[in-house]
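*Asks:* Based on what follows, work out the 3D shape:
(2 chains)
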Amino acid sequence: MAKVVVITSGKGGVGKTTSCASIGTALAMQGFRTVLIDFDVGLRNLDLVMGCERRVVYDLINVLSGEAKLSQALIKDKRLDGLYMLPASQTRDKDALTLEGVEEIINELKEDFDYILCDSPAGIERGALLAMYFAEEAVIVTNPEVSSVRDSDRIIGLLDSKTRMAEQGQAVPSRLLITRYNPERVEQSEMMSVKDIEEILAIPLVGVVPESEAVLKASNQGIPVVHDQESDAGQAYSDMTARFLGEERDMRFAEIEKKGFFSRMFGGRR
Amino acid sequence: MKMFKKLFERDEVHSADVARERLKLMLSQDRLQRQQPDFLPRLQKELVDVIRRYTQSSQDDIQISCHALPQRSQIEVNVSWPRNT
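*Replies:* Numbers count the residues shown, from 1 in each chain, chains lettered A, B, ... in the order given. Below you'll find the model as predicted:
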């Protein structure tokens, strides 16, 4: 049976879309049939990060308004079998986004996929609430920064009250993904630590992705960063996805890496 | 000079600690507020207006708090005013 997972954060620009693209890709690499839905109507970006922007014909709103079939709107990833995405509309207004419509799409996707990842827009408006409503699991993306942590706390509150699971008296299992982490600055006490954020938000940690040049490079090229297994961020997303699936792995990028002789001499890639 | 520097260093507050403390305080307020009904601020304002029509209470003399009991919600209103009126 398919599992619906929302990738959300409250605050914008913390790495929801980047994370959604990489987690989805990593799940597909593990052989799970995975579909990513971009809920950011009016500001779609997941297609760019996935590198399939030129193949968008129909979008979520087209399907919701009956102008296209779901199968026509799904875009198959060019690198991985079993990975698909449903783009958001760039122009149309979001009034077409209804609870019933979204439910119908999710139910149809459930028949064909193992994981349905909902990429939430920033904020706590309709798009964000719809992205989380059917979630059976949540990944909260947070930066080690006060406004991001505060907004994440707000989103956790909404997951506990405005989702179908909440209405049925259950809690949506939520896990914390910290991105743009810089252990050197944490060491200098210039940045909140993983432990600080975990303690404040009080949900289990699923991964730490370091601040990394590889992330921008990957989105420039439209290749999810998890494909770049040489990079720290790519490895961090692999680890995170493995943990998401229940595997135990060391939190590799939460501590300062002790550089060996060679990397000190020739510089490691960050 | 050395002593001066030492003194300065000891007083330096790390910004991550400041962030953590500010967040903890802010979130405890946020979380409290979230549990309260949406109409509470309006009710509060109207109650204060009505009470002050009759008493010489200042804003601080009127304390309104909302509690969640197992089955019900409860509002507690505490009013005081200067006695010689």
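*Asks:* switch to C-alpha atoms for all contacts and neighbour counts from now on
*Replies:* Will do.
*Asks:* any idea which element the nearest residue to residue A:60 once chain neighbours are set aside lies in?
*Replies:* Excluding the flanking residues, the one nearest residue A:60 by Cα to Cα, 6 or more residues apart in numbering or on different chains is residue A:88, at 5.2 Å. Assigned by DSSP states H and E, residue A:88 belongs to no helix or strand.
*Asks:* Quick check: residue A:88 touching residue A:62?
*Replies:* No: Residue A:88 is beyond contact range of residue A:62, at 9.3 Å (criterion: Cα atoms under 8 Å).
*Asks:* Who has more neighbours out of the two?
*Replies:* residue A:88 (26 against 19; other Cα atoms under 10 Å in any protein chain shown).
*Asks:* sorry, back to before: tell me the pLDDT of the residue nearest to residue A:60.
*Replies:* Note on residue A:88: pLDDT of 93.
*Asks:* Quick one: residues contacting it.
*Replies:* Applying Cα atoms under 8 Å, 6 or more residues apart in numbering or on different chains to residue A:88 gives the contacts A:37-44, A:59-61.
*Asks:* now those residues as a markdown table including pLDDT?
*Replies:* What follows is those, written out as a markdown table (pLDDT from 0 to 100):
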| residue | pLDDT |
| --- | --- |
| A:37 | 97 |
| A:38 | 96 |
| A:39 | 95 |
| A:40 | 93 |
| A:41 | 90 |
| A:42 | 88 |
| A:43 | 90 |
| A:44 | 91 |
| A:59 | 93 |
| A:60 | 93 |
| A:61 | 92 |
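*Asks:* Filter these down to the buried ones and express that as a PyMOL selection.
*Replies:* Burial among the contacts of residue A:88 is assessed by 16 or more other Cα atoms under 10 Å in any protein chain shown; the matching PyMOL selection reads:
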select buried, chain A and resi 37+38+39+40+41+44+59+60+61
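*Asks:* can I get the contacts of residue A:88 in a markdown table with distance to residue A:2 and secondary structure?
*Replies:* Formatted as a markdown table, these follow (distance: Cα to Cα, whole Å; DSSP: H, G, I helix; E, B strand; the rest coil):
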| residue | distance to residue A:2 | secondary structure |
| --- | --- | --- |
| A:37 | 14 | strand |
| A:38 | 18 | strand |
| A:39 | 19 | coil |
| A:40 | 22 | coil |
| A:41 | 24 | coil |
| A:42 | 27 | coil |
| A:43 | 27 | coil |
| A:44 | 24 | coil |
| A:59 | 22 | coil |
| A:60 | 19 | helix |
| A:61 | 22 | helix |
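*Asks:* can you list the contacts of residue A:88 in a markdown table and add distance to residue A:3?
*Replies:* Formatted as a markdown table, those follow (distance: Cα to Cα, whole Å):
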| residue | distance to residue A:3 |
| --- | --- |
| A:37 | 13 |
| A:38 | 16 |
| A:39 | 17 |
| A:40 | 20 |
| A:41 | 23 |
| A:42 | 26 |
| A:43 | 25 |
| A:44 | 23 |
| A:59 | 22 |
| A:60 | 19 |
| A:61 | 22 |
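*Asks:* give me the beta-bridge partners of the closest residue to residue A:74 other than its chain neighbours?
*Replies:* The spatially closest residue to residue A:74, leaving aside those adjacent along the chain, is residue A:86, at 5.0 Å (Cα to Cα, 6+ apart). Here residue A:86 sits in beta bridges with residue A:37, going by DSSP bridges.
*Asks:* Grab the most central residue of chain B for me.
*Replies:* The centre of chain B sits closest to residue B:29, judged by Cα atoms, centre = their mean, with a distance of 7.4 Å.
*Asks:* From residue B:59, how far out is that one?
*Replies:* 20 Å (Cα to Cα, to the nearest Å).
*Asks:* neighbours around residue A:97, how many?
*Replies:* 18.
*Asks:* Which positions in chain B make contact with chain A?
*Replies:* Contact residues (Cα under 8 Å from any Cα of the partner chain) of chain B with chain A: B:14-17, B:19-20, B:23-24, B:27.
*Asks:* again, 6 Å this time
*Replies:* Counting by Cα under 6 Å from any Cα of the partner chain, chain B comes close to chain A at B:14-16.
*Asks:* Can you turn the buried part of those into a PyMOL selection?
*Replies:* Written as a PyMOL command, the selection of buried residues from these, which uses 16+ other Cα under 10 Å, is:
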select buried, chain B and resi 16
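*Asks:* Tabulate the residues of chain B next to chain A (CSV), appending secondary structure and pLDDT.
*Replies:* Output for the residues of chain B next to chain A, formatted as CSV (DSSP: H, G, I helix; E, B strand; the rest coil; pLDDT from 0 to 100):
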residue, secondary structure, pLDDT
B:14, coil, 90
B:15, helix, 92
B:16, helix, 94
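*Asks:* of the residues of chain B next to chain A, closest to residue A:94?
*Replies:* The nearest member of the residues of chain B next to chain A to residue A:94, counting by Cα to Cα, is residue B:16 at 39.1 Å.
*Asks:* Pretty sure the closest one sits against residue A:195.
*Replies:* No: using Cα atoms under 6 Å, residue B:16 makes no contact with residue A:195, being 12.0 Å away.
*Asks:* hey, where'd the strands end up in chain A?
*Replies:* With strands called from DSSP state E, chain A shows them at A:3-8, A:34-38, A:75-76, A:83-86, A:115-119, A:137-142, A:174-181, A:205-210.
*Asks:* Show me what the longest one is packed up against.
*Replies:* This points to strand A:174-181. With contacts taken as 3 or more Cα pairs under 6 Å, 6 or more residues apart in numbering or on different chains; DSSP states H and E, strand A:174-181 sits against strand A:137-142, strand A:205-210.
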